[in-house]
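Chemist: here you go, sequence then predicted model.
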Amino acid sequence: MGFSQAVSGMNAAAKQLDVIGNNIANSATVGFKSASISFADMYAGSKVGMGVKVASVMQSFNDGTITNTNNNLDVAISGNGFFRLVDSTGQAYYSRNGQFQLDSEGNIVSADGLYLTGYPAVGMPPKILQGATPQSITISRQMLSASATSKASLQVNLNSNNVIPSKSPVNASDSETFNYSTTITSYDSLGNQHNVQLFYVKTADNQWDVHYLDSSDPDAKLTKAGAMTFDSTGKLISDPEMTIDIAGIKGAADSSFTLSFVNSSQQNIGKEMGSVKNPIVDGYAAGDLIGYSINDDGSIYGIYSNQQTMLLAQIALADFANVNGLESAGNNNWRSTNQSGEAVIGAPGTSTFGSLTSGAIENSNVDMSQELVNMIVAQRNYQSNSQTIKTQDQILNTLVNLR
């Protein structure tokens, strides 16, 4: 008669309670994945059996609930994938904890100081370098330099009921020499604003001239940009593009931009003035970084004081053939092993990778109700095995006391 079966049962129940206790302890840990235990019987040549052993401890990588935090650098994963983190030596770690912050050098780091990795943005305009080796993501605090205007578009409706001005030539200071005017704002190479006034002058039925004057340049002269010709239905049939030449001011270089009047028309709209939609103009002044945002595909944009945004980088995700083969490294991180296979790296929202939610975190996926039920079951198992030992002890005591 032996006690090994009952002892093994008590040990197994104790291990199960350890797993349950760890789940409960981490129920509020961001990105934590709950674990469950499985058992296997032991025979070793005995038909009766030698008891039970712990076969494995498995983690559940099901999604936890998403909670908004309003912290721009907090990121939650929905679906497959792990954040890829590296330490100062380049050792890779993987995590579902998306609580990130900036260090003193502008690197995005986890709470334990590991660097978040992703794809860099290169060129101008910036584009993500897909397929590149993921590297630490740094939010550059460098000023966004000014960009000179190269193109603009303006959709106007010129009133066909207007008459030819009574005076000529066109004079920007005399409203009797033109039918009406509009203003668009452009930028030069140093980011100086140029308020370009456009003057529309009817010259004949279905014929209009367009003149311009850079009112920001005291030396600028009124210049003809081109002519607009309409057919009998009011459709623009002449070349819709005109060139606007801008002289540099305050040290800026001379420049020019293309002004497009595509979809402009000539109709009688029952009033003296025509109608003008808001112009669309590229180019901008210089700006300082004032914030950043992260999209669902992991792309990170800088937000600048000149109301511009700039693509800076894209967060990369990692996935594995066997996520249960990952080795826990503590601090809510895992390391890859031979059992997990090599990490497959990709962009969020592509292939089998999940998407990201900015300003949010993924909570633990621990089900407290289920854990409490499991605790009761493990406790009963432990008590039952202890009763086996007690019963065997009583039988053994009876045998010893036989006369």
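Modeler: Okay, I see it. Numbers count the residues shown, from 1 in each chain.
Chemist: what sits against Ile280?
Modeler: Each residue near Ile280 by CB atoms under 8 Å, 6 or more residues apart in numbering is listed here: 152-154. To be clear about C-beta, it is placed using only N, CA and C from the backbone, and glycine gets the same treatment.
Chemist: er, Val30 I mean
Modeler: Contact analysis of Val30 by CB under 8 Å, 6+ apart lists 97-99, 332, 361-364.
Chemist: try 6 Å this time
Modeler: Each residue near Val30 by CB atoms under 6 Å, 6 or more residues apart in numbering is listed here: 97, 99, 361.
Chemist: helix/strand/coil for it?
Modeler: Under DSSP: H, G, I helix; E, B strand; the rest coil, the three-state class of Val30 is coil.
Chemist: likewise Glu176?
Modeler: Following three-state DSSP, we place Glu176 in the helix state.
Chemist: show me where this protein has its helices.
Modeler: For the chain, the helices defined by DSSP state H cover 4-25, 368-400.
Chemist: can you tell me which of the contacts of Ile280 is closest to Gln307?
Modeler: Among those, Ala152 lies closest to Gln307 (CB to CB), at 16.5 Å.
Chemist: quick one, grab the pLDDT at the nearest residue to that closest one once chain neighbours are set aside.
Modeler: Nearest residue to Ala152, sequence neighbours excluded (CB to CB, 6 or more residues apart in numbering): Val281, at 4.3 Å. Val281 carries a pLDDT value of 95.
Chemist: contacts only, for Val281.
Modeler: Neighbour list for Val281: 149, 152, 184, 186 [criterion: CB under 6 Å, 6+ apart].
Chemist: count the neighbours of the residue nearest to the third one when sequence neighbours are not counted for me.
Modeler: Read it as Ile184. Using CB to CB, 6+ apart and skipping the chain neighbours, the partner closest in space to Ile184 is Pro279 (4.4 Å). The tally of other residues near Pro279 (other CB atoms under 10 Å) stands at 18.
Chemist: cool, and Ser173?
Modeler: Number of residues near Ser173 (other CB under 10 Å) recorded here: 6.
Chemist: and Val156, by the same measure?
Modeler: Count around Val156 with other CB under 10 Å applied: 22.
Chemist: helices or strands next to the longest strand seen in the chain in the packing?
Modeler: Counting by DSSP state E, the longest strand found in the chain is strand 193-204. Judged by 3 or more CB pairs under 6 Å, 6 or more residues apart in numbering; DSSP states H and E, strand 193-204 is in contact with strand 180-187, strand 207-214.
Chemist: again, 8 Å this time
Modeler: Packed against strand 193-204 by the contact rule (3 or more CB pairs under 8 Å, 6 or more residues apart in numbering; DSSP states H and E) you find strand 156-159, strand 180-187, strand 207-214, strand 241-246.
Chemist: to Ser166, which of those strands lies closest?
Modeler: Among the helices and strands packed on strand 193-204, strand 180-187 comes nearest to Ser166, with 14.7 Å by CB to CB.
Chemist: which residues touch that closest one?
Modeler: Residues from elsewhere that reach strand 180-187 (CB under 8 Å, 6+ apart): 146-149, 152, 154, 156, 172, 193-200, 215, 244, 246, 257, 259, 273-274, 276, 279, 281, 283-285.
Chemist: burial count for the residue lying closest to Trp334 once chain neighbours are set aside?
Modeler: Using CB to CB, 6+ apart and skipping the chain neighbours, the partner closest in space to Trp334 is Leu326 (3.9 Å). Leu326: 22 surrounding residues under other CB under 10 Å.
Chemist: and Leu326, how far from Ser340?
Modeler: Counting by CB to CB, to the nearest Å, the gap from Leu326 to Ser340 is 5 Å.
Chemist: list the residues that contact both of the two?
Modeler: Phe320.
Chemist: on that earlier part again, buried ones in the longest strand of the chain?
Modeler: For strand 193-204, the neighbour count (16 or more other CB atoms under 10 Å) marks 194, 196-202 as buried.
Chemist: for Cys49, give me the pLDDT.
Modeler: One thing to correct before we go on: residue 49 is Gly, not Cys. At Gly49, the model reports a pLDDT of 74.
Chemist: might you report the residue contacts of it?
Modeler: By CB under 8 Å, 6+ apart, the contact set of Gly49 is 5, 41-43.
Chemist: now it: how far from Gly274?
Modeler: Gly49 is 95 Å from Gly274, by CB to CB.
Chemist: returning to what we had before: nearest to Val377 among the contacts of Ile280?
Modeler: Set against Val377, the nearest of the contacts of Ile280 by CB to CB is Ser153 (70.2 Å).
Chemist: how far does the helix or strand of the chain with the lowest mean pLDDT sit from the chain's center?
Modeler: Ranked by mean pLDDT, DSSP states H and E, the helix or strand of the chain with the weakest confidence is strand 275-276, at a mean of 84. How far strand 275-276 lies from its chain's middle: 38 Å, per CA atoms, centre = their mean, to the nearest Å.
Chemist: in stretch 113-127, what's buried?
Modeler: 114-121, 126.
Chemist: just the mean pLDDT for that stretch, thanks.
Modeler: Stretch 113-127 carries an average pLDDT of 90.
Chemist: number of residues surrounding the closest residue to Gly302 other than its chain neighbours?
Modeler: Using CB to CB, 6+ apart and skipping the chain neighbours, the partner closest in space to Gly302 is Met310 (4.7 Å). Met310 has 18 neighbours, counted by other CB under 10 Å.
Chemist: residue ranges with poor pLDDT in the stretch 251-400 of the chain?
Modeler: Where the stretch 251-400 of the chain drops to pLDDT under 70, the residues are 271-273.
Chemist: next one: Phe53 from Ala329, what distance?
Modeler: One thing to correct before we go on: residue 53 is Lys, not Phe. Distance of Lys53 to Ala329, given as CB to CB: 26 Å.
Chemist: ditto for Ala286
Modeler: Distance from Ala286 to Ala329, counting by CB to CB: 44 Å.
Chemist: which one of these two has more residues nearby?
Modeler: The residue with more neighbours, out of Ala286 and Ala329, is Ala286; 16 against 13, by other CB under 10 Å.
Chemist: is it true that the more buried one touches Ala148?
Modeler: No. Using CB atoms under 8 Å as the test, Ala286 is too far from Ala148 to be in contact (11.7 Å).
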